[in-house]
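Engineer: model this:
(chains A and B)
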Number of protein chains: 2
Amino acid sequence: MAVAMPQNQKSYWTSISTNIEDHLKTVVQVQSPLSVYEPMYYLVFSSPRTMAPALSIAACELVGGQPEKAMTAASVLHLMYAASTARHRFLDRSMGINHHHQAFPANIELLTVDNILSSVYELLARPSINHHPDDKPEQILKVIIEISRAMGAEGIVKGLYLQKQRTGSVSDGKVESGVYSCGAVCGAILGGATREEIERLRSFGRYAGMIHGLMSSMATDEEKGLNEMVDRLRSLALKELEYFDHHPMVETISSILHLDSLLQFTSKQTQSLS
Amino acid sequence: MAVAMPQNQKSYWTSISTNIEDHLKTVVQVQSPLSVYEPMYYLVFSSPRTMAPALSIAACELVGGQPEKAMTAASVLHLMYAASTARHRFLDRSMGINHHHQAFPANIELLTVDNILSSVYELLARPSINHHPDDKPEQILKVIIEISRAMGAEGIVKGLYLQKQRTGSVSDGKVESGVYSCGAVCGAILGGATREEIERLRSFGRYAGMIHGLMSSMATDEEKGLNEMVDRLRSLALKELEYFDHHPMVETISSILHLDSLLQFTSKQTQSLS
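Structural biologist: Numbers count the residues shown, from 1 in each chain, chains lettered A, B, ... in the order given. Purely as a prediction, here's the structure:
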């Protein structure tokens, strides 16, 4: 059920993704001591990508905010996702489920993830206390709450935890829906959204994350049961966007629900450590 | 070189410590799902204690703030210390250095620490967006930056990291000086301190943490070299307090530098899981 995406929408996601990548490179740099920052750099830029960071920028624009307002949060969303997939690998390895790739000793990776889990809050809080002209500390505090919930007891940690206990392994689906949902909400908050807009975008993000989670686990796009589920999720997601009426960004943000936006995006990943 | 502490100073630290313990019990509760919250509760309340949380309340009072203003930060400081000592145990175990005590499987402990590392930011940010009358979001953001630095690349993680690489094991000294210093600074910020006051208390906290770190590793209080070092650190710490002139809290806060304040405090620890 791949639906072709118009060129202008494709280039919207591509250009946002490039901007986020550029911003991440200013935020995560190899510096002294190398033993701390080199593994961090590697972990961040070799990690799989999601569209959650780009979604946060799009959500910010949908509610009328400038895209730059959500740039730090977008970077943080990638850091969160990188940290959680690394933790996932660590747990799998400790249970004997092997992933091929291990660039650093397990303990170094463990501490690197801890480091990322702490650093994101400094990244979020710092610009706002440096007397930035559009300084809205309350918005930043709300974003911090969303991020910490998505990472902590109500989010990724709980997801990994419960799945681990039930099945002995972890699927990424729950992790993705949490990260996308958090991304949409953070972008909305920073764009000055109303409470209703925030909740609409929270649901939209959750559906979009579930769709991308399903799509990335599909071998072909012809698996029937999954296709039906994707279609259902997509119409639920679109229903949330009706609230935003005919805002020009609606069409663009809804294009994230289509398969080829994902494929185009993930094909960029191989260049990520250049 | 134990110096007897007047009764009123003893009871100051005891009563603050009791208040923090009570507050922690409202913050960390056993709730559903038990598989997530039970290990968290256990880890938090079976952890060794430091006086860093109490120091943050004292620092807040020294600069003229109400003690309650620093209560959440004080609880967070204990959570941070509990998380970092648990991580330290985890790393030691993974290197074959055994600690007797292991109440939960290693992976559960790993995720519980992750959970704590995220939850502390929600705890800090939440009260302030609920329209609290003394709402100072900028102060909370500054505290979040201090906490994330103390936990992340500039603090505990870096300390564990570098020591691990050099010696293969970790001593608590660096961890303690970081937590005490962070405690003093957070209390000062929340009490409305000036920049100069914050920096004085940062140094004071660092010395106090080093002293407590040394003291807890001393077999008797007659080890000569260590005693001399403690005396030197103590006079450096007192020098920082001169800046506060003859404020009535100076005498109280300086009593944290004496051995029996530590002993009295740590003797409370055995009751902690009651």
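Engineer: What separation is there between residue A:152 and residue B:111?
Structural biologist: As judged by C-beta to C-beta, to the nearest Å, residue A:152 and residue B:111 stand 10 Å apart. To be clear about C-beta, it is placed using only N, CA and C from the backbone, and glycine gets the same treatment.
Engineer: go on, residue A:238?
Structural biologist: Distance from residue A:238 to residue B:111, by C-beta to C-beta: 35 Å.
Engineer: Looking at those two, which has the bigger crowd around it?
Structural biologist: residue B:111 (24 against 14; other C-beta atoms under 10 Å in any protein chain shown).
Engineer: Quick check on the more buried one: phi, psi?
Structural biologist: With angles defined as degrees, to the nearest 10, residue B:111 sits at phi -70, psi -30.
Engineer: Same question for residue A:96.
Structural biologist: According to degrees, to the nearest 10, residue A:96 has phi 80, psi 0.
Engineer: Checking residue A:31 next. Helix, strand or coil?
Structural biologist: coil (DSSP: H, G, I helix; E, B strand; the rest coil).
Engineer: isn't residue A:145 right next to residue B:126, touching?
Structural biologist: Yes - between residue A:145 and residue B:126 there is a contact under C-beta atoms under 8 Å: 6.1 Å.
Engineer: What separation do you get for the closest residue to chain B within the stretch 1-150 of chain A and residue B:138?
Structural biologist: Using C-beta to the nearest C-beta, residue A:118 is the residue of the stretch 1-150 of chain A that sits closest to chain B, at 3.1 Å. According to C-beta to C-beta, residue A:118 stands 20 Å off from residue B:138.
Engineer: Tell me which of these two has more neighbours.
Structural biologist: Applying other C-beta under 10 Å to residue A:118 and residue B:138 shows that residue A:118 carries more neighbours, namely 25 against 17.
Engineer: Look up which helix or strand the more buried one falls in, please.
Structural biologist: helix A:106-129 (DSSP states H and E).
Engineer: In CSV, list the C-alpha atoms belonging to stretch A:139-147.
Structural biologist: Taking Å, rounded to 0.1, in the frame of the first residue of the first chain, the C-alpha atoms of stretch A:139-147 are listed here in CSV:
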residue,chain,number,x,y,z
GLN,A,139,7.7,25.5,28.0
ILE,A,140,11.2,24.0,28.6
LEU,A,141,10.1,22.5,31.9
LYS,A,142,7.1,20.9,30.2
VAL,A,143,9.3,19.5,27.6
ILE,A,144,11.6,18.1,30.3
ILE,A,145,8.7,16.4,31.9
GLU,A,146,7.6,14.8,28.6
ILE,A,147,11.1,13.6,27.9
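Engineer: still on that earlier bit, just the mean pLDDT for the helix or strand just after the helix holding residue A:118, thanks.
Structural biologist: Using DSSP H and E, the next helix or strand after helix A:106-129 towards the C-terminus is helix A:137-151. The average pLDDT for helix A:137-151 rounds to 94.
Engineer: Helix A:137-151 vs chain B: in contact?
Structural biologist: Yes - using C-beta under 8 Å from any C-beta of the partner chain, helix A:137-151 reaches chain B at A:137-138, A:140-142, A:144-145, A:147-149, A:151.
Engineer: quick one: that helix to chain centroid distance?
Structural biologist: The chain centroid and the centroid of helix A:137-151 are separated by 15 Å, computed with C-alpha atoms, centre = their mean, to the nearest Å.
Engineer: Can you spell out which helices and strands pack onto that helix?
Structural biologist: Here helix A:137-151 touches helix A:71-94, helix A:106-129, helix A:172-190, helix B:106-129, helix B:137-151, going by 3 or more C-beta pairs under 8 Å, 6 or more residues apart in numbering or on different chains; DSSP states H and E.
Engineer: Contacts for that helix next, please.
Structural biologist: Outside helix A:137-151, the residues that touch it by C-beta atoms under 8 Å, 6 or more residues apart in numbering or on different chains are A:73, A:76, A:80, A:83-84, A:117, A:120-121, A:124-125, A:128-129, A:155-157, A:178-179, A:181-182, A:185-186, A:189-190, A:192, B:114, B:118-122, B:124-126, B:128-129, B:137-138, B:140-141, B:144.
Engineer: same question, stretch A:244-253
Structural biologist: Residues contacting stretch A:244-253 (C-beta under 8 Å, 6+ apart): A:9, A:12, A:55, A:58-59, A:61-62, A:197, A:200, A:204, A:241.
Engineer: okay, those in a markdown table with pLDDT and distance to residue A:90 next?
Structural biologist: Shown next, in a markdown table, are the contacts of stretch A:244-253 (pLDDT from 0 to 100; distance: C-beta to C-beta, whole Å):
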| residue | pLDDT | distance to residue A:90 |
| --- | --- | --- |
| A:9 | 82 | 37 |
| A:12 | 91 | 35 |
| A:55 | 97 | 27 |
| A:58 | 97 | 32 |
| A:59 | 98 | 31 |
| A:61 | 97 | 36 |
| A:62 | 97 | 36 |
| A:197 | 97 | 37 |
| A:200 | 98 | 35 |
| A:204 | 97 | 31 |
| A:241 | 96 | 37 |
